[in-house]
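Q: Based on what follows, work out the 3D shape:
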Amino acid sequence: MPKEEKLRTVSTIHGKSFSVNLDEAKLPSGRITERIRVLHPDASAVIPILEDGRIILVKQFRYSIQEETLEIPAGKIDKGETAEECARRELIEETGYSASNLEFLLTYVPAIGYSNERLYFYKGTKLKRIPDYEYPLDEISKLEILSQTEINEKIHSGEIQDGKTIVAMALLSECFK
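A: This is a model prediction of the structure:
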């Protein structure tokens with residue numbers, strides 16, 4: 001199968017947890033073009049489901065779109081950490097709940113056209129509230145606990161636009177069972 005060949009990296013921007021390369025690449029036809037590649041750590045996301053079926057979401061400000069968003073808890077996998085360990089840690093850090101039951105659902109590549117990040121989805125059940133927990137105010141502004149129907153309504157109204165949350169709700173729908 002023909003593939004594109006990287007000829008050289010023209011420019012690189014290094015951030016705290018990722019890098020962006022502007023590469024010159026040769027296409028199978030021989031044409032030379034530019035490609036942007038974001039080298040991003042993998043991440044885990046959790047769909048935290050309470051005993052009554054409601055789902056815990058986090059509200060947080062996203063600098064890239066300059067808006068507060070409503071999302072399932074998620075975060076990047078730290079060096080030496082497994083995807084499952086990350087999912088457990090992020091659930092606790094962002095919501096103050098731990099999951100006795102964590103089920104792997106799917107691996108998703110959210111920006112396949114320019115990023116190497118993979119996102120591992122888990123369903124967390126048998127949740128336990130951690131006493132005296134305080135979520136990180138620099139990251140999370142509040143928690144919202146909603147039914148699947150309420151979340152779907154917020155997706156269809158455009159109030160929830162986060163890709164991983166939309167994928168998470170699709171994973172819970174009948175088409176994936």
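
Q: Can you tell me how far residue 108 is from residue 3?
A: Residue 108 sits 23 Å away from residue 3, going by CB to CB, to the nearest Å. Using the backbone N, CA and C atoms, a C-beta is placed for each residue, glycine as well.

Q: next SSE after the longest helix seen in the chain?
A: Counting by DSSP state H, the longest helix found in the chain is helix 83-95. Moving toward the C-terminus from helix 83-95, the next helix or strand (DSSP states H and E) is strand 97-108.

Q: residues of that next one that come out buried?
A: Within strand 97-108, the residues that qualify as buried are 97-99, 102, 105, 108, counting by 16 or more other CB atoms under 10 Å.

Q: Now render those as JSON lines, adding pLDDT and distance to residue 50.
A: Compiled in JSON lines, the buried residues of strand 97-108 are given as follows (pLDDT from 0 to 100; distance: CB to CB, whole Å):
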{"residue": "97", "pLDDT": "97", "distance to residue 50": "8"}
{"residue": "98", "pLDDT": "97", "distance to residue 50": "13"}
{"residue": "99", "pLDDT": "98", "distance to residue 50": "11"}
{"residue": "102", "pLDDT": "97", "distance to residue 50": "15"}
{"residue": "105", "pLDDT": "95", "distance to residue 50": "18"}
{"residue": "108", "pLDDT": "94", "distance to residue 50": "24"}
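
Q: Just give me the closest of those to residue 85.
A: Set against residue 85, the nearest of the buried residues of strand 97-108 by CB to CB is residue 102 (10.0 Å).
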